[in-house]
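Enquirer: A structural model of the following input is requested.
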Amino acid sequence: MELDVIRLRVVPIPAETDENEWYPEDGNHVQIFANGRELTSRGAGLGMDPFELLIPENRLIATDVPRKVSVARCTCGELECDATTVVIVREGDRVRWEWGEVDPPVGRPLVFEAGQYEAEMSRISADRSWEGPADTAGRLVLDYADLTRLADWDLTFYWSGLSSAAGESYQVSLGLGADAKGWPKYQITLSVPWSGDPEATAREVAQLLARAPASWTALVSPTKRKLPRLPEIAGPNWRTR
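Expert: Okay, here's the model as predicted:
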């Protein structure tokens, strides 16, 4: 049996070339190649954001416990719109990918030699060549900030990044509480100045998140009309959108 060969690449999200096609405005996505063929565009259309697939840990790493992973999404950027999934499992000296029913990019499972597969996972996990300064800051925030401490206030970390292409500030998005479907009851945005220094920004964000929420300057939006405009943990410098 001839085994498949995997390769991964992180590249910028493509610009729109068709008026009927819409892509997120910026960012990167992870392309997956098997035997030299790019698979993500053959699946749902667009690769996953590296922060959803590779950082803080590589979700493609194979173990003997099967893991279901989204590897491609609709070109609009939303998994809810369309998604290609795969179940990944290591079986002795082989790694097997079994596609989900929606938008499989090829009509058969893929089987990789474990050594080649693991070498590629190690290589892409260590690759920082695609990172811009804001990407590096985002990775360092995950390294430096004690995000588990947010649970003390029923908060969940979602993402961090530049406020706009102009990059006036660096923002952190949090969710507060959860409804029956798991959606946050409040969306909270914190900001710090963006100097272009990823290390300094990440440390400033980590210090900010270590403080009690009542001390923050924050923007907050309730996700349902019946909720109070400000949650109980709000401090004097919290404002609604």
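Enquirer: Return the residues in contact with residue 98.
Expert: Applying C-beta atoms under 8 Å, 6 or more residues apart in numbering to residue 98 gives the contacts 86-87, 89, 109. Backbone N, C-alpha and C define where each C-beta goes, glycine included.
Enquirer: Out of the residues you listed, give me the one that has the most neighbours.
Expert: residue 86 (23 neighbours; other C-beta atoms under 10 Å).
Enquirer: That one and residue 75, how far apart?
Expert: 19 Å (C-beta to C-beta, to the nearest Å).
Enquirer: Return the set of residues that bridge with the nearest residue to residue 117 once chain neighbours are set aside.
Expert: Spatially, and ignoring its direct neighbours in sequence, residue 117 is nearest to residue 95 (4.5 Å; C-beta to C-beta, 6 or more residues apart in numbering). Residue 95 has the following beta-bridge partners by DSSP bridges: residue 90, residue 112.
Enquirer: all helices for this structure, in order.
Expert: Secondary structure of the chain (DSSP state H): helices at 50-53, 114-126, 133-144, 198-209.
Enquirer: And stretch 68-80, end to end?
Expert: End-to-end span of stretch 68-80 (C-alpha to C-alpha, to the nearest Å): 16 Å.
Enquirer: Let me fix that, I meant to ask about stretch 58-74.
Expert: End to end - C-alpha to C-alpha - stretch 58-74 spans 21 Å.
Enquirer: how close does the residue nearest the centre of the chain sit to residue 117?
Expert: The chain has residue 52 as the residue nearest its centroid, 2.5 Å off, counting by C-alpha atoms, centre = their mean. According to C-beta to C-beta, residue 52 and residue 117 sit 20 Å apart.
Enquirer: what do you get for residue 28?
Expert: For residue 28, the distance to residue 117 - C-beta to C-beta - is 22 Å.
Enquirer: How much space separates the residue nearest to the centre of the chain from residue 95?
Expert: 21 Å.
Enquirer: With residue 135 instead?
Expert: Distance of residue 135 to residue 95, computed by C-beta to C-beta: 28 Å.
Enquirer: Those two - which one has more neighbours?
Expert: Neighbour totals were compared for residue 135 and residue 95, and residue 95 leads with 26 against 20 (other C-beta under 10 Å).
Enquirer: I figured that one was touching residue 64, is that so?
Expert: No. Assessed by C-beta atoms under 8 Å, residue 95 is found out of contact with residue 64, at 10.5 Å.
Enquirer: dump the residue contacts of the closest residue to residue 53 other than its chain neighbours.
Expert: Leaving aside its sequence neighbours, residue 53 sits nearest to residue 30 (C-beta to C-beta, 6+ apart; 5.1 Å). Residues counted as contacts of residue 30 (C-beta under 8 Å, 6+ apart) are 8-10, 40, 47-50, 53-54, 71.
Enquirer: which ones are touching the nearest residue to residue 156 once chain neighbours are set aside?
Expert: Leaving out its chain neighbours, the residue that sits closest to residue 156 by C-beta to C-beta, 6+ apart is residue 175, at 4.5 Å. With contacts defined as C-beta under 8 Å, 6+ apart, the neighbours of residue 175 are 155-156, 158, 184-188.
Enquirer: Tell me how far residue 175 lies from residue 186.
Expert: 7 Å.
Enquirer: Give me the below-cutoff pLDDT ranges for this protein.
Expert: 16-25, 165-167 (pLDDT under 70).
Enquirer: at 50 what do you get?
Expert: 19-20 (pLDDT under 50).
Enquirer: can you list the domain ranges for the protein.
Expert: Structural domains assigned to the chain are 6-126, 133-240, following automatic domain parsing.
Enquirer: Do a quick rundown of the strands in this protein.
Expert: 6-12, 28-34, 37-38, 46-47, 67-73, 83-91, 94-99, 110-113, 155-162, 169-176, 186-193, 218-222, 238-240 (DSSP state E).
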